[in-house]
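**Q** here is a sequence together with a model predicted from it:
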Amino acid sequence: MTRVLTPQPAACPNPTAKAVTLAHLIFERPDLDQAARFLTDFGLVTSKGTADVLYLRGTGNAPYCYRVHRASKARFVGMAFSVATKAELEKLSRLPGATEPKPVDHPGGGECVTLTDPSGFVIEVVYGQAPVSELPHREPIHFNVGASRGRINSTQRPPLSPPEVIRLGHCVVEVADYQATSDWYTRHLGLIPSDIQVLPDGSPAVTFFRLDLGDTPADHHTLAMAQGFMPLYSHSAYEVVDADAVGMGQRLLREKGYRHAWGIGRHILGSQIFDYWNDPWGAKHEHYCDGDLFTADRPTGVHPVSREAMAQWGQPMPASFTKPKLTPSALMALFRNLRRSPDLNVRKLITLAKLFG
Ligand SMILES: [Fe+2]
């Protein structure tokens with residue numbers, strides 16, 4: 001087999017800014033009541049709601065992590081990162097297409113610069129957002145393990161209620177312009193590739209990016225990017241207290257009649273125990289716990305991509321994660337991006353279809 005040396009996404013030594021949190025996601029939905037119902041059944045808490053915008057939070061100190069705007073069609077708009085200094089916000093505001101820093105009218109306030117990444121996702125960068133008081137959540141369950149038997153004459157009874165979401169963990173997108181988009185995040189927000197899954201020719205298929213927090217451990221991935229033929233939301237993930245919260249979430253969401261997507265299992269890259277559910281518009285939302293934490297100096301790993309490489313145990317990853325709906329507009333995007341994207345060609349699409357078909 002001929003191995004083509006394709007450049008892999010790499011950390012930028014001197015980025016425009018270093019994102020310190022994934023602050024929130026932005027969606028459009030035709031029915032805010034239906035959105036609120038799913039998201040609170042999923043375990044988020046409504047922090048503010050108007051006729052046109054809904055804000056939800058976890059139990060952590062972020063004022064909100066999920067913003068939904070009323071619109072005629074369901075759509076993923078983009079995501080927001082926060083930066084630690086005003087100087088970084090000002091540097092980002094000088095990038096092509098960026099807005100000036102503007103006061104924020106959402107919970108937590110602060111200032112925001114709005115950008116668009118090379119794949120067309122809206123990226124808000126926030127500085128100076130005020131944290132809120134944390135909400136109480138139950139303690140993680142302690143196990144009796146082998147000789148370590150701390151629970152005697154007592155039982156395990158996690159509450160039969162939506163699993164408390166602590167915080168937004170990560171977002172995963174598919175893009176056609178893979179190299180330009182991943183370069184934009186490493187160059188301007190300082191993201192570091194934790195692990196890259198590659199096709200047999202060496203070209204990147206999935207990159208898991210973490211925040212550069214120096215010696216402070218960061219989630220294995222805050223953003224992940226998969227090679228697709230058009231920009232798409234894949235899923236977003238929310239940390240819950242422990243594996244029993246993941247399991248209780250599955251029971252409750254099933255009883256409420258929502259559509260299950262995948263799980264329960266344990267990922268390989270990132271190590272999270274996971275469970276995925278579809279919202280009423282078919283957008284995947286993941287409960288997870290026990291993810292890996294890396295400091296900035298951990299080197300990037302490179303691994304072959306496959307369906308089997310996605311989980312250590314649990315059912316295999318279903319086709320709904322990799323088979324796009326070939327609507328007329330998706331087909332038009334496919335042919336358009338095959339012509340114009342330097343990262344796409346028919347051979348690569350056939351390889352991806354064989355690996356994940
Ligand atoms: Fe995930």
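**A** All right, it came through fine.

**Q** leaving out the residues flanking it, which one is nearest to Y233?
**A** F76 (3.6 Å; CB to CB, 6 or more residues apart in numbering). The C-beta positions use only the backbone N, C-alpha and C, and glycine is treated the same way.

**Q** what about that neighbour, distance to the ion?
**A** 15 Å (CB to the ion, to the nearest Å).

**Q** in this protein, which residue sits nearest the ion?
**A** Nearest to the ion in the chain, going by CB to the ion, is A237, at a distance of 4.1 Å.

**Q** before we move on, the earlier item: in what helix or strand does the residue nearest to Y233 lie?
**A** Per DSSP states H and E, F76 falls inside strand 75-83.

**Q** can you pull the pLDDT of L355?
**A** According to the prediction, L355 has pLDDT 86.

**Q** can you give me the strands in the stretch 1-150 of the chain?
**A** 19-29, 45-49, 53-57, 66-70, 75-83, 102-103, 111-116, 122-127 (DSSP state E, counting those that start in this stretch).

**Q** give me the helices and strands touching the shortest one, please.
**A** Using 3 or more CB pairs under 8 Å, 6 or more residues apart in numbering; DSSP states H and E as the contact criterion, the neighbours of strand 102-103 among helices and strands are strand 111-116.

**Q** and the strand it packs on, average pLDDT?
**A** Per-residue scores along strand 111-116 average to 98.

**Q** for that strand, give me every contacting residue.
**A** 80, 86, 89, 92-93, 95, 97-104, 122-128, 188 (CB atoms under 8 Å, 6 or more residues apart in numbering).

**Q** check contacts around the nearest residue to L89 once chain neighbours are set aside.
**A** Once flanking residues are discounted, L89 sits nearest to Y127: 4.3 Å by CB to CB, 6+ apart. Shown in contact with Y127 (CB under 8 Å, 6+ apart): S82, V83, A84, T85, K86, E88, L89, P101, G110, E111, C112.

**Q** of those, closest to P158?
**A** S82 (32.0 Å; CB to CB).

**Q** any idea how far that closest one is from P193?
**A** 21 Å (CB to CB, to the nearest Å).

**Q** from the chain's centroid, how far away is the least confident helix or strand in the chain by mean pLDDT?
**A** When the helices and strands of the chain are scored by mean pLDDT, DSSP states H and E, helix 346-356 comes last with a mean of 89. Relative to its chain's centre, helix 346-356 lies at 24 Å (CA atoms, centre = their mean, to the nearest Å).

**Q** what residues of it count as buried?
**A** K348, T351, L352, L355, F356 (16 or more other CB atoms under 10 Å).

**Q** before I go, just wanted to say thanks for your time.
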